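Asks: Quick one, fold the following:
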Amino acid sequence: MAYRGGLPVFFNPEQCRNETEVESKFIVQYLLPHLGYEPGTWYQEVELGKIRLDFLVFAARHYHMDCPDHIASGLVIEAKSPHYHLGPFVKKLEYYLTQLWIPYGVLTNGKLFKIYSRIGQKIHCIFECRGSSVHAQIGMIRAIIGRDEIQMLQGMRSAKAYPSPPAPKPDPPKPDLSINSPSPFLHPPSFRNNLSPRPLPPNIMRTIAVYHNKGGVGKTTTVVNLAAALSKQGKRVLVIDLDSQANTTFAVGLVQFDDEEDALSKTLSANNIQQVLSSEELYPIKAVAQTAHSFCTPPIDVVPAHIDLMRAENELNNQQNAQFVLSQKLHDVEHDYDIVLIDTPPSLNLFARYALIAADYLIIPSDLKPFANQGLKNVQMLMKDVNSFRRNINRTPIQLLGVLANKISTNARFVQSTLPKRMQAVTERYGLKMMDSVIYEREFLAKCAEKLRIIDGREVADPCSVVDFDPGCASAQEFQVLALEVLAKIVP
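Replies: Numbering: from 1, shown residues only. Model (predicted):
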């Protein structure tokens with residue numbers, strides 16, 4: 001295996017002919033080093049009473065089995081022979097994670113790689129890929145179970161600002177949790193699972209603008225599905241549609257009929273983001289926001305847009321203090337939401353500027369094609385201009401979470417060869433950091449957006465998020481991973 005900078009350059013599953021080689025060549029030599037786990041943070045062939053683990057991994061270098069924080073940052077890795085199917089071993093992994101109260105588990109035979117998350121007494125697959133794709137997906141894998149990421153998430157849980165959770169249920173039967181020596185059973189630690197983190201403390205609502213001046217890069221798809229994924233992690237989410245095309249408003253099902261005959265659509269034309277921006281005193285966000293009940297569970301709130309917004313730009317441009325209105329009205333709802341996502345127009349217009357003035361963070365979705373990459377210069381110019389304005393009003397600059405590789409082809413050759421080069425080009429040519437997550441172009445995203453239902457013999461748009469449409473599909477997993485990455489970056 002070739003090495004660069006002390007780390008193996010790639011992993012080839014064909015090198016693994018049996019379970020021992022999966023453990024040594026894949027897990028020990030490749031996976032653990034790439035995830036940041038150095039010797040002293042992981043243990044092989046661990047016996048905990050009647051439980052025998054292939055690997056037990058900790059984010060802390062020196063663990064204590066009676067310390068809930070250390071177990072809470074733990075990871076179980078089970079390796080199987082390439083000749084075995086993984087299906088029969090899922091229940092056993094579930095038993096390990098629920099008995100030991102460990103949040104994450106990995107199951108692999110070299111040919112297939114799966115990450116499971118424990119939610120209560122059940123586990124759910126949140127990521128999977130072929131062994132041959134692990135190197136291309138290592139950034140996404142690291143965003144879920146990398147040592148730094150797990151330490152960060154654990155720090156979020158341990159922060160004193162979090163309220164205490166309900167008392168745990170009675171302990172299950174107490175196994176021996178010793179590693180070659182007796183040790184008492186750990187009570188279930190007082191925190192929720194990684195995929196269901198606690199609500200953010202009061203007064204730290206985070207606002208994220210999703211912007212690129214190039215159209216067709218998947219901004220709306222990113223906003224609505226990321227919102228749903230964040231909602232499933234216990235966050236109170238508000239989405240603001242700042243695009244006169246109102247794609248987000250349609251995407252969450254707030255407009256059911258194209259001809260606007262339904263009462264809700266008529267209400268939206270007189271009660272949308274235009275009214276919010278046009279008045280400093282009237283139309284507070286809570287009065288304008290609509291709950292998209294059918295789009296995802298738990299539901300999200302949406303401040304809708306309307307095509308009339310297109311005609312309002314000149315009027316707002318001449319309105320004194322208009323650029324402060326959105327920021328002020330978001331301040332008024334800081335106790336009502338944990339995260340605000342702003343969908344923006346694909347242009348350098350006034351509304352894009354409003355979004356970046358109001359936001360704390362920025363995500364730039366891009367398909368990484370040449371025109372989209374060239375458009376990054378325009379985004380940088382707008383960021384520079386907005387940050388200069390923010391400094392003049394004593395606000396910190398907007399923070400870039402990164403360029404999100406979005407609408408990416410799933411062609412294996414493209415993923416393994418072309419995609420890494422394009423991601424590297426963004427960093428080297430434009431000085432912009434890439435996010436670890438990647439959102440691929442898949443049919444699931446189209447199917448859930450085009451979902452219909454029949455009302456009185458008439459087809460009605462009934463879109464839902466991909467994480468509700470098929471929680472186990474690859475697209476749902478990608479947005480779940482993106483949500484975890486976003487949370488890890490925005491929560492101090």
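
Asks: To what extent is residue 315 buried, counted in neighbours?
Replies: Using other Cβ atoms under 10 Å, residue 315 has 12 other residues around it. Glycine gets a C-beta too; all of them are placed from N, C-alpha and C.

Asks: From residue 16, how far off is residue 25?
Replies: Computed with Cβ to Cβ, to the nearest Å, the distance linking residue 25 and residue 16 is 6 Å.

Asks: since we're on residue 39, how many residues are nearby?
Replies: So residue 39, with other Cβ under 10 Å, has 10 neighbours.

Asks: Tell me which residues touch it, please.
Replies: Neighbour list for residue 39: empty [criterion: Cβ atoms under 8 Å, 6 or more residues apart in numbering].

Asks: Doesn't it belong to a helix?
Replies: No - assigned with DSSP: H, G, I helix; E, B strand; the rest coil, residue 39 falls outside any helix and is coil.

Asks: what is residue 55 paired to in the beta sheet?
Replies: residue 44, residue 77 (DSSP bridges).

Asks: residues touching it, list them.
Replies: Applying Cβ under 8 Å, 6+ apart, the residues contacting residue 55 are 23, 27, 32, 42-44, 46, 75-79.

Asks: distance of the residue nearest to residue 396 when sequence neighbours are not counted from residue 471?
Replies: Nearest residue to residue 396 in three dimensions, chain neighbours excluded: residue 390, at 6.9 Å (Cβ to Cβ, 6 or more residues apart in numbering). Per Cβ to Cβ, residue 390 is found 39 Å from residue 471.

Asks: all strands in the stretch 1-150 of the chain, in order from the N-terminus.
Replies: Along the stretch 1-150 of the chain, counting by DSSP state E, counting those that start in this stretch, strands occupy 3-4, 7-8, 42-48, 51-58, 74-79, 104-108, 112-119, 122-130.

Asks: my bad, should have said the stretch 251-400 of the chain
Replies: 290-292, 300-303, 339-343, 361-366, 399-408.

Asks: Please produce JSON lines containing these, extended by distance to residue 484.
Replies: Output for these, formatted as JSON lines (distance: least, Cβ to Cβ, whole Å):
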{"stretch": "strand 290-292", "distance to residue 484": "22"}
{"stretch": "strand 300-303", "distance to residue 484": "18"}
{"stretch": "strand 339-343", "distance to residue 484": "13"}
{"stretch": "strand 361-366", "distance to residue 484": "14"}
{"stretch": "strand 399-408", "distance to residue 484": "13"}
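
Asks: neighbours around the residue nearest to residue 75 when sequence neighbours are not counted, how many?
Replies: Excluding the flanking residues, the one nearest residue 75 by Cβ to Cβ, 6+ apart is residue 57, at 4.1 Å. A count of neighbours around residue 57, defined by other Cβ under 10 Å, yields 27.

Asks: With residue 58 instead?
Replies: Residue 58, neighbours per other Cβ under 10 Å, totals 25.

Asks: isn't it right up against residue 42?
Replies: Yes - counting by Cβ atoms under 8 Å, residue 58 does reach residue 42; the two are 7.1 Å apart.

Asks: re earlier: wait, which of the strands of the stretch 251-400 of the chain is closest to residue 445?
Replies: Residue 445 lies closest, by Cβ to Cβ, to one member of those: strand 399-408, at 8.9 Å.

Asks: pLDDT of stretch 231-241, averaged?
Replies: Averaged across stretch 231-241, pLDDT comes to 94.

Asks: Ok, stretch 366-378 next?
Replies: Summarised as a single mean, pLDDT over stretch 366-378 is 91.

Asks: go on, stretch 336-344?
Replies: Here stretch 336-344 scores 96 as its mean pLDDT.

Asks: Which positions within the helix ranked longest in the chain qualify as buried?
Replies: Ranked by number of residues, the top helix in the chain under DSSP state H is helix 370-392. Buried positions in helix 370-392, judged by neighbour count with 16 or more other Cβ atoms under 10 Å: 372-373, 375-376, 379, 382-383, 386-387, 390.

Asks: Which of the helices and strands in this structure ranks last by mean pLDDT?
Replies: Comparing every helix and strand of the chain by mean pLDDT, DSSP states H and E singles out helix 68-72 as the least confident one, with a mean of 44.

Asks: List the residue ranges of this protein that fall below the pLDDT cut-off.
Replies: 1-10, 49, 60-73, 153-203, 256-267, 320, 454-457, 459, 492 (pLDDT under 70).

Asks: follow-up on the earlier one: distance to residue 101 added to the buried residues of helix 370-392, as JSON lines?
Replies: Converted to JSON lines, these look like this (distance: Cβ to Cβ, whole Å):
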{"residue": "372", "distance to residue 101": "44"}
{"residue": "373", "distance to residue 101": "45"}
{"residue": "375", "distance to residue 101": "47"}
{"residue": "376", "distance to residue 101": "44"}
{"residue": "379", "distance to residue 101": "44"}
{"residue": "382", "distance to residue 101": "47"}
{"residue": "383", "distance to residue 101": "43"}
{"residue": "386", "distance to residue 101": "45"}
{"residue": "387", "distance to residue 101": "44"}
{"residue": "390", "distance to residue 101": "44"}
